[in-house]
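Enquirer: need coordinates for the below:
(2 chains)
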Protein chains: 2
Amino acid sequence: MTDHPSKTLAAFAANLQFDDIPEPVVRRAEDLLLDWFGSAVAGACGRPVQLIEAFARQMGPADGDCEVLVSRRKATPLFAAMVNAAASHYAEQDDVHNGSVFHPAAVVFPSVLAVAQSLGSSGRELITAAVAGYETGIRIGEFLGRSHYRVFHTTGTAGTVAAAAAVGRLLKLTPEQMLDAFGSAGTQAAGLWEFLRDAADSKQLHTAHAAASGLSAAYLAKSGFTGARRILEGAQGMAAGMSKDANPGRLTDRLGQRWALAETSFKFHASCRHTHPAADALLQVVTKHALSPDSIAGVTAFVHQGAIDVLGPVVDPQTVHQAKFSMGTVLGLIAHFQCAGMSEFDRYFDDARVAAFRGKVDMVLDDEVDSAYPERWLGRVAVRTTDGRVLNGRVDEPKGDPGNTLTREELEQKALRLAEFSEGASRTEMQAAFGRIWDICRTEKVSALLA
Amino acid sequence: MTDHPSKTLAAFAANLQFDDIPEPVVRRAEDLLLDWFGSAVAGACGRPVQLIEAFARQMGPADGDCEVLVSRRKATPLFAAMVNAAASHYAEQDDVHNGSVFHPAAVVFPSVLAVAQSLGSSGRELITAAVAGYETGIRIGEFLGRSHYRVFHTTGTAGTVAAAAAVGRLLKLTPEQMLDAFGSAGTQAAGLWEFLRDAADSKQLHTAHAAASGLSAAYLAKSGFTGARRILEGAQGMAAGMSKDANPGRLTDRLGQRWALAETSFKFHASCRHTHPAADALLQVVTKHALSPDSIAGVTAFVHQGAIDVLGPVVDPQTVHQAKFSMGTVLGLIAHFQCAGMSEFDRYFDDARVAAFRGKVDMVLDDEVDSAYPERWLGRVAVRTTDGRVLNGRVDEPKGDPGNTLTREELEQKALRLAEFSEGASRTEMQAAFGRIWDICRTEKVSALLA
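Expert: Coordinates of the predicted model:
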């Protein structure tokens, strides 16, 4: 038996060809790239992002071939990937794969963009590499399981190997070298949730570290630096150290047939994911019946228990961040602005009208919604109008999930809102970048997105 | 209760003053610095070290204030610390703290040397910072315990926080900032033993990663980047994720009274540690009785079970690395050259005389030796001479342990042998560096060791 899961997965990542990837998956990869780009630009205003950028300037070269999106300077691949990754997760608007609880874009795209710009790779090579990163990272997240996620930030840990797979593909590693890259990446994989209870800045460090360490692992492998051959499933590997319920079968689950990238969700609202189904259902009612906020007497959101656990305690949010966990605030923003994006939260989370709307909202545990969760996130609201009607909203898949995905226009609008919020790029610059991204598969040599 | 172990330890590291450190501990720190320097120079010939140096050249700036010992170029602190740390562990001749199974020098000194050269710190500041790193890292290794070491390479994990503590002290972090640095370091801590079964290059990556990540954590903390406050003992911290038998009491064990740095052992022979007690005992006999190799008919080494487990299978070593686990080879080198250093292994591990001597050596499990282990590593041999005598050698503490430490002359000789082996520096250069090291506490501004 010469094959084992790490080896099979590494070989898949090394051998993946653009023509192997179904056309809808390629299109979705382009969508995810554009969505990531907006999130990375949104990080420009983040203090922790700026601190990592300053560290990169202090330690790295003054110039390079790779763009640093948040500062508009150029750097070597290591530092461009590090800073862009730090920026990607800041606004909490980047994509998520539900089953693996892994945010692939934040670690994969910063790495492939930097390396493609350094090597002069084609857009098809960039997309192929990104797909290799998504397919690898998502499967590793699923493999490491729930026990891992309880203590470790999967985007930091699985993300390190995902970045290595993506960069390794661009570097055209052989399957053996890719296995070395996995070994060197997995043995640097890190990221603990402990920072959450102190609201510390570690989330940005985790993505920066994953992209930088994964990239390093791939470059080292290319030069002949060897790594453990069973870093994922071995007796002293990642799962042995960091999981109690690892399932090696997930590592090689339908490679080349199941495209995990296409299962990845976009985040639409700039709030806690538990608020999204109800927000979508209310938006449906408000739009369909052209309701003004004043015509709404009350809203009941029918939710799963998890939503009550997480959102229930937040009755009087004091900060933007807390407001993202307040169902009343989210629904108030939807009622007033038909949107709960970064700008709406920043400007209106404590607006008197929105605060007043919170008193009109209640959450009720619903059997149907609760039993469907977590496979499906059902949105159910009942809206009582001041003229005595009861209007029901029903959304069976939150906006952004694969079955209710965002159109390219919606993705562009989201990215424009993010850029406007962070002041990271002008509308004209963003639109020029959108053109480059939609054209990526016809691009011979990837250059700057914010030229 | 506002205090907790992470905070207490961070405050100790931040507040440590040169004048707090007993004079013998300062002297021992100088000894450890010189011993580390020899090991780092020894890494010059290592392929994995050269590959990490090439990566640093590719990604980092062309110049800087900090010396890279193995390539004689200058770099920024990040890259100098990274490459020098990769070099430090290569020859496996760097120091070890028995109780924590942690190799402090390999991660602490590369970090403090680079940062001191960058800041223009004094030698006393460098020594104070190194002591802060040793005291922190050793206690974290003890805290993480045996269950951690079974899967994780403690020098990689605890080493990341040790590097952060040392660099943080040089950067004059406040106690609060030092706690942030611990948080950012601990959440990047990594290093798995899986590479061992493939003899992969990860050991050099682990020390490089620990030094680079720890240094990054300290610089980020200085700039205001926050970290988890209980990264060591918290519910989702290092021990929660990576240990089953963590003992938080070890983190703050007699801070300022017990100097763990002074418990650190030097490695004398260039072989597996399990061979050292017998090698010392044989050297005692050979020296005392002026025995030539030909006058030795046989040697019985009385050993603990662990030695038989590890060394027993190695009967006919095929490589230098294997020979370091062959008791017969080690005792053969001692008998012929009174030394089992890097050069002796490289030149003579398969020399016909040494190979023949292997047949004269046997190991016997000894009750006294076995029951003393692992607290004490007793050396017991019986040497049978060709003229019919039986000469017994007894060493109660292997050479290099605190109670049988190396003299400064022996440390210099060891470093000279390492430099000669790697061709990393000339005898003259090494001797000039020794002068700088012995003079460190009178140095106003730390400059290059290999000027």
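
Enquirer: need the pLDDT of A:Arg197.
Expert: You'll see A:Arg197 listed with a pLDDT of 82.

Enquirer: does it touch B:Ile231 like I think?
Expert: No. At 11.0 Å, A:Arg197 does not count as touching B:Ile231 under the criterion of C-beta atoms under 8 Å. Any C-beta I mention is one placed from the backbone N, CA and C, and that applies to glycine too.

Enquirer: by proximity to chain B, which residue of the stretch 301-450 of chain A wins?
Expert: A:His321 (14.2 Å; C-beta to the nearest C-beta).

Enquirer: contacting residues around that residue?
Expert: The contact partners of A:His321, by C-beta atoms under 8 Å, 6 or more residues apart in numbering or on different chains, come to A:Ala199.

Enquirer: quick one: the strands in the stretch 251-400 of chain A?
Expert: Along the stretch 251-400 of chain A, the stretches classed as strands by DSSP state E, counting those that start in this stretch are A:296-303, A:361-365, A:379-385, A:390-395.

Enquirer: let me redo that: the stretch 101-250 of chain A
Expert: Under DSSP E, counting those that start in this stretch, the stretch 101-250 of chain A gives no strands.

Enquirer: sorry, back to before: just the pLDDT for the residue of the stretch 301-450 of chain A closest to chain B.
Expert: 80.

Enquirer: for it, give its distance to A:Asp346.
Expert: 11 Å (C-beta to C-beta, to the nearest Å).

Enquirer: and for A:His209?
Expert: Distance from A:His209 to A:Asp346, by C-beta to C-beta: 28 Å.

Enquirer: which one's more surrounded, the two?
Expert: When neighbours are counted by other C-beta atoms under 10 Å in any protein chain shown, A:His209 and A:Asp346 differ, and A:His209 comes out ahead with 31 against 13.

Enquirer: enumerate every residue touching the more buried one.
Expert: A:Met82, A:Gly156, A:Thr160, A:Ala190, A:Gly191, B:Gln188, B:Ser213.

Enquirer: what's the answer for A:Arg47, then?
Expert: A:Asp201, B:Gly224.

Enquirer: can you read off the pLDDT for it?
Expert: Reported pLDDT for A:Arg47: 96.

Enquirer: now render the strands of the stretch 251-400 of chain A as TSV, adding mean neighbour count and mean pLDDT.
Expert: As requested, the strands of the stretch 251-400 of chain A are exported to TSV (neighbours: other C-beta atoms under 10 Å in any protein chain shown; pLDDT from 0 to 100):
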stretch	mean neighbour count	mean pLDDT
strand A:296-303	22	97
strand A:361-365	15	97
strand A:379-385	21	98
strand A:390-395	17	97
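
Enquirer: reformat those as JSON lines; add distance to A:Thr407.
Expert: Converted to JSON lines, the strands of the stretch 251-400 of chain A look like this (distance: least, C-beta to C-beta, whole Å):
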{"stretch": "strand A:296-303", "distance to A:Thr407": "26"}
{"stretch": "strand A:361-365", "distance to A:Thr407": "29"}
{"stretch": "strand A:379-385", "distance to A:Thr407": "19"}
{"stretch": "strand A:390-395", "distance to A:Thr407": "16"}
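
Enquirer: could those go into CSV alongside distance to chain B?
Expert: As requested, the strands of the stretch 251-400 of chain A are exported to CSV (distance: least, C-beta to the nearest C-beta, whole Å):
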stretch, distance to chain B
strand A:296-303, 26
strand A:361-365, 27
strand A:379-385, 30
strand A:390-395, 33
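
Enquirer: and of those strands, who's closest to B:Arg353?
Expert: For B:Arg353, the closest of those is strand A:296-303, at 80.9 Å, according to C-beta to C-beta.

Enquirer: which neighbours does the closest one have in its sheet, and in what orientation?
Expert: Paired neighbours of strand A:296-303 in the sheet (DSSP bridges): strand A:361-365 (parallel), strand A:379-385 (antiparallel).

Enquirer: still on that earlier bit, any of the contacts of A:His209 buried? List them.
Expert: A:Met82, A:Gly156, A:Thr160, A:Ala190, A:Gly191, B:Gln188, B:Ser213 (16 or more other C-beta atoms under 10 Å in any protein chain shown).

Enquirer: now, those residues that are in helices?
Expert: Among the buried ones among the contacts of A:His209, the members found in helices (DSSP state H) are A:Met82, A:Gly156, A:Thr160, B:Ser213.

Enquirer: out of the residues you listed, what pair is the most spread apart?
Expert: Between any two of those, the greatest separation by C-beta to C-beta is 13.2 Å, found for A:Met82 and A:Gly156.

Enquirer: pLDDT at the residue nearest the centre of chain A, what is it?
Expert: Chain A has A:Asp95 as the residue nearest its centroid, 2.8 Å off, counting by C-alpha atoms, centre = their mean. A:Asp95 carries a pLDDT score of 95 in this model.

Enquirer: with A:Asp316 instead?
Expert: So, for A:Asp316, pLDDT stands at 88.

Enquirer: for A:His276, same thing?
Expert: pLDDT, A:His276: 95.

Enquirer: quick one: contacts for the closest residue to it other than its chain neighbours?
Expert: In space, and not counting its chain neighbours, A:His276 is closest to A:Pro398: 4.3 Å by C-beta to C-beta, 6 or more residues apart in numbering or on different chains. By C-beta under 8 Å, 6+ apart, the contact list for A:Pro398 reads A:Ser265, A:Phe268, A:Arg273, A:His276, A:Pro277, A:Asp280, A:Trp377, A:Gly379, A:Asn404.

Enquirer: please give me every residue in contact with the third one.
Expert: Right, the one you point to is A:Arg273. A:Arg273 neighbours (C-beta under 8 Å, 6+ apart): A:Val96, A:Lys267, A:Trp377, A:Pro398.

Enquirer: burial of the second one, as a residue count?
Expert: Same thing as A:Lys267. 22.
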